[in-house]
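>>> Here is my input; please provide its structure:
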Amino acid sequence: MANTKPRHFLLIADHTHLTLRSILDEAVRQKSIRRRTSERPLTDKVLALVFEQPSTRTRVSFDVGMRELGGETIMLNGSEMQIGRGESIADTARVMSRFVDAIMIRMLSHSAVTELAEYATIPIINGLTQRGHPTQIMADIQTIEEHRGAIDGKVVSYTGDGNNMLASWVEAATKFPFQLRMACPPEFSLDPALIDAARAQGADLVVTQDPEEAVAGCDVVMTDTFVSMGDKDAERRNTLLMPYQVNDQLMSRAADNAIFLHCLPAHRNEEVTDSVIDGPQSVVFDQAENRLHAHKGILMWVFDAL
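Residues are numbered from 1 along each chain as shown. Predicted coordinates:
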């Protein structure tokens, strides 16, 4: 009997290196053939895009990506759905599974997204939760490999808030052979249990509170906003995280050909200075574009179309 279990994309940790590599390879292929192909592998498929939180890149890239693959989209937000008025996650999953072919959802509660996947009979894609941002990581790796070759053996450094982005990068370090260095203040560091679990799976992780130590000689410098969706203590966070700002001095500690990544939106001259994000080492807009191609790769995988 054929396996009818839906293919969800909820966390990087859920997937093998082989699966992630196949998605990345498809992302590269999709970028190379864009606007030069009549392929429409997802014709007659409908993707629901559900947003509890604001979005620019995730929303537009999944919408455009699905359309370019031949499918259609329907856009919803929490206030438009009964889920925002008390309908259970399980009932929502059961109903939506009868209307559409897949759901991409952005919701802060990771347990709610996991429950949606548990009861859905269609693929669920995590477009960002407080636990992780796996679709972004795929675009990040694509961008690194586009500019610096295979991620294998590279040193990737992150400085700033120990948030969902960093958590997903820690998971990626269990799937790909690179070193991840992270510099966060103790007040906003990752859960040590996550670090220990990743190391037990072979991840090469360096944890420090010194951003200069983290970026010394590295191939990639990354950061993210100091205040993310759901954070309430903006003034305190900015004060404690400002020493982790990516500026010219910090970038000078990295390798001469190091690149700078930021998933955007950026709060300029907070977590990163104008001179860095607009400078020659910045690839943030290539990174943003690659959301489209990486998301196409993910869509092709969840629909078993690779």
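>>> Residue 263: neighbouring residues, count only.
22 (other CB atoms under 10 Å). From N, CA and C alone the C-beta is placed, and that goes for glycine too.
>>> That one contacts residue 140, doesn't it?
Yes - taking contacts as CB atoms under 8 Å, residue 263 lies within contact range of residue 140: 7.2 Å.
>>> Mutual contacts of the two, please.
Shared contacts of residue 263 and residue 140 (CB atoms under 8 Å, 6 or more residues apart in numbering): residue 287.
>>> pLDDT weak spots in this structure?
1-3, 82-85, 229-230 (pLDDT under 70).
>>> Name the residue closest to the centre of it, please.
In the chain, the residue lying closest to the centroid (CA atoms, centre = their mean) is residue 136, at 2.1 Å.
>>> Work out for me the element that residue sits within.
Using DSSP states H and E, residue 136 falls within helix 134-148.
>>> Output the helix or strand just after that helix as PDB, nothing but the C-alphas.
The helix or strand immediately downstream of helix 134-148 is strand 155-159, counting by DSSP H and E. Taking Å, rounded to 0.1, in the frame of the first residue of the first chain, the C-alpha atoms of strand 155-159 are listed here in PDB:
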ATOM      1  CA  VAL A 155      32.700  28.600   9.700                       C
ATOM      2  CA  VAL A 156      29.300  30.300  10.100                       C
ATOM      3  CA  SER A 157      29.200  32.900  12.900                       C
ATOM      4  CA  TYR A 158      26.100  34.400  14.500                       C
ATOM      5  CA  THR A 159      26.000  37.300  16.900                       C
END
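>>> Can you list the helices and strands that strand 155-159 packs against?
Judged by 3 or more CB pairs under 8 Å, 6 or more residues apart in numbering; DSSP states H and E, strand 155-159 is in contact with helix 164-172, strand 179-183, helix 211-215, strand 220-223.
>>> got a list of contacts for it?
By CB under 8 Å, 6+ apart, strand 155-159 touches 144, 165-166, 169, 178-184, 211, 214-215, 217-223, 244, 246, 250, 254.
>>> now these: which count as buried?
Listed as buried from the contacts of strand 155-159 are 144, 165-166, 169, 178-184, 211, 214-215, 218-223, 244, 246, 250, 254; burial here means 16 or more other CB atoms under 10 Å.
>>> Is it correct that residue 173 is in contact with residue 206?
No - applying CB under 8 Å as the test, residue 173 and residue 206 come out as separate, 10.3 Å apart.
>>> out of these two, which sits in the more crowded spot?
Between residue 173 and residue 206, counted using other CB under 10 Å, the more crowded position is residue 173 (24 against 13).
>>> any idea how far residue 155 is from that one?
Separation of residue 173 from residue 155 (CB to CB, to the nearest Å): 11 Å.
>>> any residues in contact with both of the two?
By CB under 8 Å, 6+ apart, residue 173 and residue 155 have these common neighbours: residue 179.
>>> can you pull out the strands in this protein?
For the chain, applying DSSP state E gives strands covering 46-51, 72-77, 102-106, 124-126, 155-159, 179-183, 204-208, 220-223, 259-262.
>>> Of those, which is nearest residue 22?
If you check each of these against residue 22 by CB to CB, strand 124-126 wins as the nearest, at 16.0 Å.
>>> tally of neighbours for residue 194?
Neighbourhood size, residue 194 [other CB under 10 Å]: 17.
>>> Cross-check the contact I'm expecting between it and residue 168.
No - in this structure residue 194 lies outside contact range of residue 168 using CB under 8 Å: 10.5 Å.
>>> what is in contact with residue 173 and residue 206 at once?
Taking CB under 8 Å, 6+ apart as the contact rule, residue 173 and residue 206 both touch 179-180.
>>> Before I go, just wanted to say thanks for your time.
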